[in-house]
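Visitor: give me a 3D structure for the following:
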Amino acid sequence: MKTQMAVVQMVSSDVLAENLARAGSLLGQAAAEGARLALLPENFALMGRDEKAKLTIMEAEGDGPIQSWLAAQARRHGLWLVGGSIPLAAPDGRCYAACLVFDPEGQCQARYDKVHLFDVDLAGGESYRESRTIAPGGIPVSVATPWGRLGLSICYDLRFPELYRRYAGAELLVVPSAFTQQTGEAHWECLLRARAIENQAYVLAADQGGRHQNGRRTFGHSMVIDPWGQVLARLDQGEGVALAQIDMAFLQRCRGSLPALQHRR
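Guide: Residues are numbered from 1 along each chain as shown. Alright, predicted model coming up:
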């Protein structure tokens, strides 16, 4: 069974309503082109001018305009919708970077909180401290879909293969991201292809892709990768939608001919 799936690339601004309107238009495009599942990027609703900006739109779980918007978009377009990441309240005043999955009826089927936080000092003076405003999640989360299990992760998680091994056997892995230009140029594609190959799964990766109002540059190159590590669709920079068909029969042939998942020790 072949199914069309979409990754949505954005260059989100610091205006919530503007970002939701643009994301809605891109989801409509994906649905019109036959997508049954769509993935939004990390921080799709807001790329603030500073790290504290996300706290101004933080919501309680199950209650808030961004969550309502996601549910409405899933219903409107008849999509399984993976909502990138949004800020949900943590007990200590920070937020969780939460990835929510909605079914075509608009019901939230899963929540994953980003486990690995991007606290790094890169060459050239580029520095990030996500832990100042984001509390880490604690557990991997996967969810049943019509195409098999879907394993959830966010951006910096991509560098930690042990997380994805917790999803061993899942047919789909998603990586909503806001990868920096510097780290994306060096590692984005090779890490994504490695996660697809070693887990014999389809990988859907939706990235932010351009220059934002806070001066940050994100890499883009959103893509869909098959279980053999081949890139099926790619969108370089700027906003747009990349679509590809996933084929569960092909996935099973890959696993059957090279049963690496069965050979783990």
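Visitor: ok, residue 187 - how many residues close by?
Guide: 15 (other Cβ atoms under 10 Å). (C-beta placed from N, C-alpha, C; glycine too.)
Visitor: show me the contacts for the closest residue to it other than its chain neighbours.
Guide: Counting by Cβ to Cβ, 6 or more residues apart in numbering, residue 187 lies nearest to residue 159, which is 7.7 Å off, once chain neighbours are set aside. Contacts here follow Cβ atoms under 8 Å, 6 or more residues apart in numbering; on that basis residue 159 touches 116, 187, 191.
Visitor: likewise residue 208?
Guide: 9-12, 41-44, 47, 177-179, 218-220.
Visitor: same question for residue 240.
Guide: Applying Cβ under 8 Å, 6+ apart, the residues contacting residue 240 are 8-9, 26.
Visitor: how close does it sit to residue 209?
Guide: 8 Å (Cβ to Cβ, to the nearest Å).
Visitor: same deal with residue 49?
Guide: Distance check for residue 49 against residue 209: by Cβ to Cβ, it reads 19 Å.
Visitor: between those two, tell me which one has more neighbours.
Guide: Neighbour count, other Cβ under 10 Å: between residue 49 and residue 209, residue 209 has more, with 27 against 14.
Visitor: check that one and give its pLDDT.
Guide: pLDDT recorded at residue 209 is 98.
Visitor: same check on residue 82?
Guide: Here, the pLDDT recorded for residue 82 equals 99.
Visitor: and it, its phi and psi?
Guide: Dihedral pair for residue 82: phi -100, psi 110, per degrees, to the nearest 10.
Visitor: what sits closest to it if chain neighbours are left out?
Guide: Nearest residue to residue 82 in three dimensions, chain neighbours excluded: residue 39, at 4.5 Å (Cβ to Cβ, 6+ apart).
Visitor: so that neighbour makes contact with residue 84?
Guide: Yes - using Cβ atoms under 8 Å, residue 39 is in contact with residue 84, at 7.2 Å.
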